[in-house]
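Colleague: I need the structure of the sequence given here:
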Amino acid sequence: MLEIRNVTKSYGPLTVLHDVSLVIPEGEIMAIVGPSGAGKTTLLQIAGTLDRPDSGSVWFDDTDLLTLKDRKLSEYRNLHIGFVFQFHQLLPEFSALENVAMPALIAGRKKREAFAEARRLLDDLGLGHRLDHRPSELSGGEKQRAAIARALVNRPRVVFADEPTGSLDSHNRREIQDVIQRLRQELGQTFVVVTHDRDMASIADRTVEMADGRIVSSMEKTTSAEAPEV
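Modeller: This is a model prediction of the structure:
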């Protein structure tokens, strides 16, 4: 579905990605792990078209996204790609319902349809009783569930999550892990998650390890049915 080809990125004299290539299959949870400074977040931002590489390409199906003009790229990103950040990035002056509906309204969907979809998602994620609450009135786990609902409101093909459990306690980390796993199982939703959380990485179908701006390993989870006999 999504393929990153020979991407290089530097900031001044510092090269943070060295000729990185990666294929993201549809319907998988992919975890990108590695030490701080490995280039994980930069790779995620380029894959999600929030940043542009110095060289290389990002292909979504048959489209090289980096050839699109800024306005067309923004429209494509809003419709096909969702984002979840470590600190949720909810707009403080709006309710949970309004925050979740926002990308759908930007995409040009009718207000009634946008809010109905936002309400459905929040209810499905256990926040049906918190629709009118602003972010300051939500717990950390509730904020991240609202952020996941916002990422899903336009039914994107892939959701990129940058340390989605990094600011949460153990209970809320497990809660977000369960939500992501359930969405993959029930909806076939594709997730790419940058994480230092070993428990979060453990739910991934594929784990990609980075170091010094390069991919050093890519391992697919082996199920018990696939495990070799001893």
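Colleague: give me the residue at the spatial middle of the protein.
Modeller: Centroid-nearest residue in the chain: residue 160, 1.6 Å away (criterion: Cα atoms, centre = their mean).
Colleague: what is the burial count for the closest residue to it other than its chain neighbours?
Modeller: Spatial nearest neighbour of residue 160, chain neighbours left out: residue 48 (4.5 Å); criterion: Cβ to Cβ, 6 or more residues apart in numbering. All C-beta spots, glycine's among them, are computed from the backbone N, C-alpha and C. Residues contacting residue 48 under the criterion other Cβ atoms under 10 Å number 20.
Colleague: how far away is residue 48 from residue 205?
Modeller: Between residue 48 and residue 205 the computed distance is 19 Å (Cβ to Cβ, to the nearest Å).
Colleague: what pLDDT does the residue nearest to residue 160 get?
Modeller: Looking at residue 48, its pLDDT stands at 92.
Colleague: which ones are touching it?
Modeller: 77, 81, 83, 160 (Cβ atoms under 8 Å, 6 or more residues apart in numbering).
Colleague: residue 59: which of those residues is nearest?
Modeller: Distances from residue 59 to these, taken as Cβ to Cβ, are shortest for residue 81 (13.3 Å).
Colleague: for the closest one, phi and psi?
Modeller: Phi and psi for residue 81, reported as degrees, to the nearest 10, are phi -130, psi 130.
Colleague: again with residue 127
Modeller: phi -120, psi 20.
Colleague: touching, it and residue 150? I think so.
Modeller: No. Between residue 127 and residue 150 there is no contact under Cβ atoms under 8 Å: 11.3 Å.
Colleague: now do the helices in this protein.
Modeller: Taking DSSP state H as the test, the helices found in the chain are 40-47, 70-80, 96-106, 111-124, 140-152, 170-187, 198-202.
Colleague: nearest to residue 216, out of those helices?
Modeller: By Cβ to Cβ (comparing all of the helices of the chain), the closest turns out to be helix 40-47, at 12.0 Å.
Colleague: so which elements touch the closest one?
Modeller: Contacts defined by 3 or more Cβ pairs under 8 Å, 6 or more residues apart in numbering; DSSP states H and E place helix 40-47 against strand 2-11, strand 14-24, strand 29-33, strand 158-162, strand 190-194.
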